[in-house]
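**Student:** whatever this is, show me its structure:
(2 chains)
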2 protein chains.
Amino acid sequence: MAEPEAKVRLFVEAALAPGAEVALEREQAHYLGNVMRLGEGARIRIFNGREGEWIAEVAGSGRKVGLRVIGESAPQRLPPDLELLFAPVKKARTDFIVEKATELGAARIRPVFTRYTNAERIRPDRLRRIAIEAAEQCGETHVPDVAEPERLDRVLAAWDEGRKLMFCDETRVARPAAEMLADEAPGAWAVLIGPEGGFAPEEAERLRGLPFVRPVTLGPRVLRADTAAVAALTLWQSTLGDWR
Amino acid sequence: MAEPEAKVRLFVEAALAPGAEVALEREQAHYLGNVMRLGEGARIRIFNGREGEWIAEVAGSGRKVGLRVIGESAPQRLPPDLELLFAPVKKARTDFIVEKATELGAARIRPVFTRYTNAERIRPDRLRRIAIEAAEQCGETHVPDVAEPERLDRVLAAWDEGRKLMFCDETRVARPAAEMLADEAPGAWAVLIGPEGGFAPEEAERLRGLPFVRPVTLGPRVLRADTAAVAALTLWQSTLGDWR
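**Tutor:** Numbers count the residues shown, from 1 in each chain, chains lettered A, B, ... in the order given. Predicted coordinates for the structure are as follows:
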């Protein structure tokens, strides 16, 4: 199959199969026609988060522009079963965490409110849009779910004990993350990153006492929440995930 | 010694010793007096990048506000001998790379122009200011140098062969970074991150042929340059640096 001419890669909701016609959102049509200046017949890559990546060609023009699916270019790839739980921080850094979690291959993103979380309202639909854009950019066929925000104590009360939780404990009395991970096996995991103010002492204590929790440190410096998220996901992916 | 009342931590250029008087820049005086509302006698933490962290108290007020050094609160800590070489990207992401490299404990930051680097002018003094702010935030006593930008080919021609270079090769035919690092020893190292467009084929080929270069991949997804920088520094610090 001919390579697409443009490096455009779009997420669409539609089912993908050879010959399928795919409608575009108004913004996507504008992007293809006016920003990238792609005309009828130009080929791009598309994915829907479920059925791999496909080549499609531009069909129609102007307000009636759509896509016609040609054929599959990459299979659907599922990321490892890794969730990121993070306490929302300021808007720009929250957006950044979602972008980076997508690039690094997290399967699911769960905002959690901790005792010291001090953040504006979280809109999962907006964060989902950021995850989609990051997946478009990084060539991923999976788009992480972004869950509704929940309180950490409720999340822990309902926890599936088959899933281990790497708890990034900024008080730094725990084992180095890489050392802990080297002793563990792949499987269902989550990473928990606290807010800029850290965890409340009683929260940290509760976490340390739970059988599925693995407290770790991320080095001798105080990392911002966004840095800690990237560092923790990187170490997990490199030791137990699909970077090996 | 009494703990400082405020969580303020400032970088100063002055030499630090008990009883020393430290002048403040106008912006710092404004921050202490008008933003943090600290009056005469309030205690803060200061560091100069060379002599550890010290407690100092506010002396004077208004335009004449300064600091008087009380005593040392933490020794100077030198980061491992790790340089970050990166191709400048857009301003916000370049700033982000400098902030994160400081948090993650890089000793020195070197902007390099590669064949596909497409960036605005780099101002090392502005990047140094960002590194100082990150060091103030993350509790680090070291502030990484930010070198003048240089062309990658010249940097490589003048390379000290005793320093190994972890080359993050986005073409993904190399070993996983964690696996390569596990076979190596600490010492003088550098990490090289390319621009968003990647390295030119002849650049990548030259790099792979150099005896001090260790080509690595950072997983199966295409990472943005800023993500790659954080991931690479994290893996190096966890395996050969001071996160162990």
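**Student:** so for whatever helix or strand residue A:102 lives in, what gets flagged as buried?
**Tutor:** Secondary structure from DSSP states H and E places residue A:102 in helix A:91-103. Residues A:93-103 are the ones in helix A:91-103 that count as buried (16 or more other C-beta atoms under 10 Å in any protein chain shown). C-beta: built from backbone N, CA, C; applies to glycine.
**Student:** what ranges do the strands span in chain A?
**Tutor:** In chain A, the strands defined using DSSP state E lie at A:9-11, A:21-23, A:43-47, A:53-59, A:66-74, A:82-86, A:108-113, A:145-146, A:150-151, A:164-168, A:175-176, A:189-193, A:213-217.
**Student:** now those in a markdown table, with mean neighbour count and mean pLDDT?
**Tutor:** Listed next are the strands of chain A as a markdown table, based on neighbours: other C-beta atoms under 10 Å in any protein chain shown; pLDDT from 0 to 100:
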| stretch | mean neighbour count | mean pLDDT |
| --- | --- | --- |
| strand A:9-11 | 18 | 96 |
| strand A:21-23 | 15 | 94 |
| strand A:43-47 | 22 | 96 |
| strand A:53-59 | 21 | 96 |
| strand A:66-74 | 18 | 96 |
| strand A:82-86 | 25 | 98 |
| strand A:108-113 | 21 | 97 |
| strand A:145-146 | 20 | 95 |
| strand A:150-151 | 14 | 96 |
| strand A:164-168 | 22 | 97 |
| strand A:175-176 | 16 | 96 |
| strand A:189-193 | 26 | 98 |
| strand A:213-217 | 20 | 97 |
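**Student:** can you redo these as JSON lines with distance to residue A:242?
**Tutor:** Formatted as JSON lines, the strands of chain A follow (distance: least, C-beta to C-beta, whole Å):
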{"stretch": "strand A:9-11", "distance to residue A:242": "20"}
{"stretch": "strand A:21-23", "distance to residue A:242": "29"}
{"stretch": "strand A:43-47", "distance to residue A:242": "18"}
{"stretch": "strand A:53-59", "distance to residue A:242": "17"}
{"stretch": "strand A:66-74", "distance to residue A:242": "15"}
{"stretch": "strand A:82-86", "distance to residue A:242": "9"}
{"stretch": "strand A:108-113", "distance to residue A:242": "15"}
{"stretch": "strand A:145-146", "distance to residue A:242": "18"}
{"stretch": "strand A:150-151", "distance to residue A:242": "27"}
{"stretch": "strand A:164-168", "distance to residue A:242": "17"}
{"stretch": "strand A:175-176", "distance to residue A:242": "22"}
{"stretch": "strand A:189-193", "distance to residue A:242": "12"}
{"stretch": "strand A:213-217", "distance to residue A:242": "20"}
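**Student:** among those strands, which is nearest residue B:59?
**Tutor:** strand A:213-217 (37.1 Å; C-beta to C-beta).
**Student:** and the angle for the closest one with strand A:164-168?
**Tutor:** In terms of direction (axes from the mean of the first three to the mean of the last three C-alpha atoms, to 10 degrees), strand A:213-217 departs from strand A:164-168 by 30 degrees.
**Student:** ok so, going back, who are the packing partners of the helix holding residue A:102?
**Tutor:** Contact here means 3 or more C-beta pairs under 8 Å, 6 or more residues apart in numbering or on different chains; DSSP states H and E; on that basis helix A:91-103 packs against strand A:82-86, strand A:108-113, helix A:124-138, helix A:225-239, helix B:225-239.
**Student:** try it again with 6 Å
**Tutor:** Secondary-structure packing of helix A:91-103 (3 or more C-beta pairs under 6 Å, 6 or more residues apart in numbering or on different chains; DSSP states H and E): helix A:124-138, helix A:225-239.
**Student:** who are the packing partners of the last one?
**Tutor:** Counting contacts by 3+ C-beta pairs under 6 Å, 6+ apart, the secondary-structure elements packed against helix A:225-239 are helix A:91-103, helix A:177-182, strand A:189-193, helix B:225-239.
**Student:** the strands of chain A: which one's closest to residue B:211?
**Tutor:** Comparison of the strands of chain A against residue B:211 by C-beta to C-beta identifies strand A:175-176 as nearest, at 30.8 Å.
**Student:** so what strands line up beside the closest one?
**Tutor:** Each strand paired with strand A:175-176, and its direction, by DSSP bridges: strand A:213-217 (parallel).
**Student:** in contact with residue A:10, which residues?
**Tutor:** Residue A:10 is in contact with A:28, A:46, counting by C-beta atoms under 6 Å, 6 or more residues apart in numbering or on different chains.
**Student:** 10 Å instead?
**Tutor:** By C-beta atoms under 10 Å, 6 or more residues apart in numbering or on different chains, residue A:10 lies in contact with A:22, A:24-25, A:28, A:31-32, A:44-48, A:56, A:67, A:132, A:136.
**Student:** look up how far chain B lies from it.
**Tutor:** From residue A:10 over to chain B the distance is 16 Å, taken as C-beta to the nearest C-beta, to the nearest Å.
**Student:** quick revisit: among the contacts of residue A:10, which one sits closest to chain B?
**Tutor:** Nearest to chain B among the contacts of residue A:10: residue A:136, at 10.9 Å, using C-beta to the nearest C-beta.
**Student:** what number of residues lie near that closest one?
**Tutor:** Residue A:136 has 18 neighbours, counted by other C-beta atoms under 10 Å in any protein chain shown.
**Student:** which residues belonging to stretch A:194-213 are considered buried?
**Tutor:** Those would be A:194-196, A:198-199, A:203-204, A:207, A:212-213, for stretch A:194-213 by 16+ other C-beta under 10 Å.
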